[in-house]
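could you look at this predicted model? Sequence included:
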Amino acid sequence: MKYAGLVLANLGRNKLRTVLTGGAIMLAVVLVCLLLTMPAGLDALLDALASNTRISVHNKAGIVYPMPHAFTRKVRQLDGVAAAVSTTWFGGAYEEAGRVTFPNFAVEVEHIRAVYPDYPIAPEQLADFERYRDAALVGRQTMQKYRWRIGERITLRSTVWPVDLDFRIVGEIADEHAPYLWFNREYLDQALRATGRPGLGITGMIWARASDPNRVNAIMREIDDMSRNSEAETACETEKSFFSNFFGSLQGLVTIILIVTGLVTLCIVFIAANTASMAVRERSGELAVLKAIGFGRRVIFGMLLAETAVLSVVAGVTGVLVAVGLTRALRVFAGWSPALGPLGNFLVTPTVIVDGLFVSLVVGMLAGVVPSAGAARKSVVQALHEVF
Amino acid sequence: MSSVSIGVPSTPLIAIRGVSRRYVRGPDDIHALERVSLSIPAGHFVAFMGPSGSGKSTLLNLVSGIDRPDEGHVVVAGQVLNELSEDELARWRARHVGLIFQFFNLIPVLSARDNVALPLLLTHLDKRERVRRAETALRVVGLDHRLEHYPRTLSGGEQQRVAIARAIVTDPDLIVADEPTGDLDARNAEAILALLRQLRHDFGKTVVMVTHDPRALRFVDDVFHLDKGVLLEGDDAERAHAAIMLAAGHPPAGTGTGR
């Protein structure tokens, strides 16, 4: 501790350089902390999105492969299944031709209420949804994105089916995480028949709700057993598992971002090491004098390393505080805007804080150890010769 | 072993026996010192003089334990310095030697008091005692009114006084000064030489100094003349001394030439 004054005085020697180096380390820590929130954030996001009783039933070959629509009825009749609804991807593009900007599905309107009791939809809007053939329920995110109002009419051009459909918006799915547009399956079926094609005898996916969470695994096994050896064998999974797989590409993105973060951190180690080397070189005269008056190699090494360590820890603590502040701000903003909703799940946990501080300390140590060791190792007479 | 003596001999603090030091600089093998032997009594103020490249700074480095000889022995205060490792030498210097440099070499981000207290960081003294001793040392050199001043706000003479205070703050046996007046004007140079002599008189310190400054002859007890790595003896030493006295404006006959 008695060297603390000397260490702090040396850190204040070139304030601009100290601030810039500390800023670089701080940014690395902010970046690392924010990225480390992603795995837990995605998990929390999935928890928020998924129910523990809903089961996804889709073709074993993949979600783009259909299943017979009649299979929905069989699922519905299974013991322990409270309700089931078929959903079929419409792939409708609004305005921007050829590009789908939100998920839209043809559904069995009469079963929506039973499968999604947790979705906040006003009863009178659900009643209208069931009443009107061209009715659509739209998630809040999408409503706000396009500034649609209930009662408004919109047209979607399908990128999958050879039809364009007009819809009247009769209600909103008042959930921050729901971007969907649902409409009546019969409406698509009739539109297809009107073009001279056979009706909609298939379904893309079936969502079933178990009456008891403890029965979910057994029901999934029963459904898969029921479809075994058929033309469309199924693969059941929980809603959380489905979303997790669906967002699987995000995990790859996270991996890439983590690699980039590692490289950025390495760059900052080099920058900080270069700065530390310059600082040591500029003070070679003073260091030679300190050695001459009796400061040993260990003391010199410890003092120089302590300078980078102190700077790194201060920068690390600041970086962690900034990261905490940013995620909290995002949480607040997420409450105001549905588009930012998922960001509210990304929180800097105590583990992330420890990781961030550890990164800052490692950056400081790696950056400081080489120049400090070099300065300490030099013999006093060599140091004096180089300077005087 | 030859010096031009101006003072009275007493027990040797420094004994150098057959010391040689060579450096390899690029393709050249430089013989900085060749079989030098000398003794310096405790409580004396001694100067090493000679032209550039004569080996006087190398000799000073050996005496202060900064460097080690290739041959021979350096004994200071009973300690054979050749036997010590680099770290042991550092500890020994911290306890026994106070160093003064030509360019003062104070730490610019520390106040005068903190600069002086710097060597005390290597002791077990608590902060209050370190501060007390630093202030005492600054009082001895007449700078107790400049405790909080930073080096950039002090004149060259004042900075050298701070450096002297730093050299004496640990109460060392030996004070070693490498051209302490080399970067000072005449008035400040005289004041610094007077201060070094005062340390020898009032505190019984042994002071060894490398200098080109002929004014130093009026303050020191002994002068060792070196040339091309060799300690001059007999007539050679007398001639070198006379030349310096002449340069200082004193007739050679006026000097107390000794051994």
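The structure has been received and is ready for your questions. Residues are numbered from 1 along each chain as shown, chains lettered A, B, ... in the order given.

which strand or helix spans residue 30?
You didn't pick a chain, so chain A it is. A:Val30 belongs to helix A:15-49 when elements are defined using DSSP states H and E.

to clarify, I was referring to chain B.
Going by DSSP H and E, B:Ile30 is part of strand B:28-41.

which helices and strands does that strand pack with?
The contact analysis (3 or more C-beta pairs under 8 Å, 6 or more residues apart in numbering or on different chains; DSSP states H and E) places strand B:28-41 against strand B:12-25, helix B:56-63, strand B:71-76, strand B:206-210, strand B:222-227, strand B:230-231. Glycine gets a C-beta too; all of them are placed from N, C-alpha and C.

residue contacts, the residue lying closest to A:Leu31 once chain neighbours are set aside?
Leaving aside its sequence neighbours, A:Leu31 sits nearest to A:Thr261 (C-beta to C-beta, 6 or more residues apart in numbering or on different chains; 5.6 Å). Contact analysis of A:Thr261 by C-beta atoms under 8 Å, 6 or more residues apart in numbering or on different chains lists A:31-32, A:35.

and whichever residue of the stretch 201-350 of chain A sits closest to chain B, helix, strand or coil?
Minimum separation of the stretch 201-350 of chain A from chain B (C-beta to the nearest C-beta) falls at A:Gly294, amounting to 2.6 Å. Assigned with DSSP: H, G, I helix; E, B strand; the rest coil, A:Gly294 falls in the coil class.

spit out the contact partners of the residue nearest to it when sequence neighbours are not counted.
Distances taken as C-beta to C-beta, 6+ apart place B:Ala94 nearest to A:Gly294, at 2.6 Å, with adjacent residues excluded. With contact set as C-beta under 8 Å, 6+ apart, B:Ala94 has these partners: A:293-295, B:119, B:122-123, B:170.

how about B:Leu226?
Counting by C-beta under 8 Å, 6+ apart, B:Leu226 has contacts B:36, B:48-50, B:54-56, B:59, B:232.

what parts of the stretch 101-250 of chain B come near chain A?
B:101-103, B:105, B:107-110, B:114, B:118-119, B:121-122, B:127, B:166, B:178 (C-beta under 8 Å from any C-beta of the partner chain).

neighbouring strands - and their directions - for the strand holding B:Ile30?
Strand pairing for strand B:28-41, determined by DSSP bridges: strand B:12-25 (antiparallel).

picking that back up, run the chain-centre distance for the helix holding A:Val30.
13 Å (C-alpha atoms, centre = their mean, to the nearest Å).

and for stretch A:289-299?
Worked out by C-alpha atoms, centre = their mean, stretch A:289-299 lies 52 Å from the chain centre.

and it, end to end?
In stretch A:289-299, first residue to last residue: 13 Å (C-alpha to C-alpha, to the nearest Å).

tell me the mean pLDDT over it?
Confidence for stretch A:289-299, expressed as mean pLDDT, is 91.

follow-up on the earlier one: mind checking the SS state of the residue nearest to A:Leu31?
Quick answer, by three-state DSSP: A:Thr261 is helix.

before we move on, which element is whichever residue of chain B sits closest to chain A in?
Closest approach between chain B and chain A, counting by C-beta to the nearest C-beta: B:Ala94, at 2.6 Å. Applying DSSP H and E as the criterion places B:Ala94 in helix B:86-96.

following that helix, which helix or strand comes up?
That would be, after helix B:86-96 and using DSSP H and E, strand B:97-100.

what residues does that next one touch?
A:289, A:292-294, B:64-65, B:93, B:119, B:160, B:163-164, B:166-170, B:172-178, B:180.

CSV for the contacts of B:Leu226, including pLDDT and neighbour count?
What follows is those, written out as CSV (pLDDT from 0 to 100; neighbours: other C-beta atoms under 10 Å in any protein chain shown):
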residue, pLDDT, neighbour count
B:Val36, 94, 25
B:Phe48, 94, 25
B:Met49, 93, 25
B:Gly50, 91, 25
B:Ser54, 91, 23
B:Gly55, 91, 24
B:Lys56, 91, 28
B:Leu59, 94, 28
B:Leu232, 91, 22
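
ok, which pair from those residues is furthest apart?
Farthest pair in the contacts of B:Leu226 (C-beta to C-beta) is B:Val36 and B:Met49. Separation: 14.0 Å.

chain B contacts on the stretch 251-388 of chain A?
A:285-286, A:289-299, A:379-381, A:384, A:388.

just the buried members of the residues you listed?
Neighbour counting with 16 or more other C-beta atoms under 10 Å in any protein chain shown marks A:285-286, A:289-297, A:299, A:379-381, A:384 as buried within those.

who's in contact with A:Glu237?
Going by C-beta under 8 Å, 6+ apart, the list of residues near A:Glu237 reads A:55-56, A:220, A:245.

ok, and the most crowded of those?
The most crowded member of the contacts of A:Glu237 is A:Ile55, carrying 26 neighbours; neighbours defined as other C-beta atoms under 10 Å in any protein chain shown.

hang on, the earlier thing: now the angle from the strand holding B:Ile30 to strand B:206-210?
150 degrees (axes from the mean of the first three to the mean of the last three C-alpha atoms, to 10 degrees).

dump the C-alpha coordinates for strand B:28-41 into PDB.
Provided in PDB are the C-alpha atoms of strand B:28-41 (Å, rounded to 0.1, in the frame of the first residue of the first chain):
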ATOM      1  CA  ASP B  28      34.800  -2.600 -29.600                       C
ATOM      2  CA  ASP B  29      36.200  -4.000 -26.400                       C
ATOM      3  CA  ILE B  30      36.500  -1.000 -24.100                       C
ATOM      4  CA  HIS B  31      38.800  -1.100 -21.100                       C
ATOM      5  CA  ALA B  32      37.100   1.400 -18.900                       C
ATOM      6  CA  LEU B  33      39.300   0.700 -15.800                       C
ATOM      7  CA  GLU B  34      42.600  -1.100 -15.600                       C
ATOM      8  CA  ARG B  35      43.800  -2.500 -12.200                       C
ATOM      9  CA  VAL B  36      42.800   0.500 -10.100                       C
ATOM     10  CA  SER B  37      43.500   0.400  -6.400                       C
ATOM     11  CA  LEU B  38      42.700   3.200  -3.900                       C
ATOM     12  CA  SER B  39      41.400   3.800  -0.400                       C
ATOM     13  CA  ILE B  40      39.000   6.500   0.800                       C
ATOM     14  CA  PRO B  41      38.800   7.200   4.500                       C
END
